[in-house]
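**Q** fold the stuff below for me.
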Amino acid sequence: MADKTIYFRINTLIMLIAAFSFSATLSAAEKLDMEGTRIRGNQELPKVLYIVPWKQSEIPDLSQPPLESLIDEALTPVDREVFQRKIRYYDALSTQEVGNNEN
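**A** So this is what the prediction gives:
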């Protein structure tokens, strides 16, 4: 008889726990409605964006060629020592790249 009452109490306890857990899942599944924020402008005005410059742009004078041009820079004389140093740097870097590619 004592075994039956223990089993009955355990069975009742399991049923109560199952009922409470089922009701907890139902309440968690309810839909939450939250009020959002609306930003509204004046609907009578047109939806247009005007971008206005704040500073007057300088228009270059194209009637004459510029004082310094890329062609003049390319045709300027080169210092011999500077040119030889650049060649040595180029050769040193080229040999390092060949050595790294072979490994």
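
**Q** so Asp3, which state does it fall into?
**A** What DSSP: H, G, I helix; E, B strand; the rest coil gives for Asp3 is helix.

**Q** which pLDDT does the model give it?
**A** Residue-level confidence at Asp3 comes out at 71, pLDDT.

**Q** count of neighbours near it?
**A** Neighbour count for Asp3, taken as other C-beta atoms under 10 Å: 7. Where you see a C-beta, it was placed from the backbone N, CA and C, and this is true even at glycine.

**Q** okay, it and Ile10: tell me how far apart.
**A** Asp3 sits 11 Å away from Ile10, going by C-beta to C-beta, to the nearest Å.

**Q** tally of neighbours for Val78?
**A** If we define neighbours as other C-beta under 10 Å, then Val78 has 9 of them.

**Q** now swap in the one 5 residues further on and tell me
**A** Applying the criterion other C-beta under 10 Å, we find 10 residues in the vicinity of Phe83.
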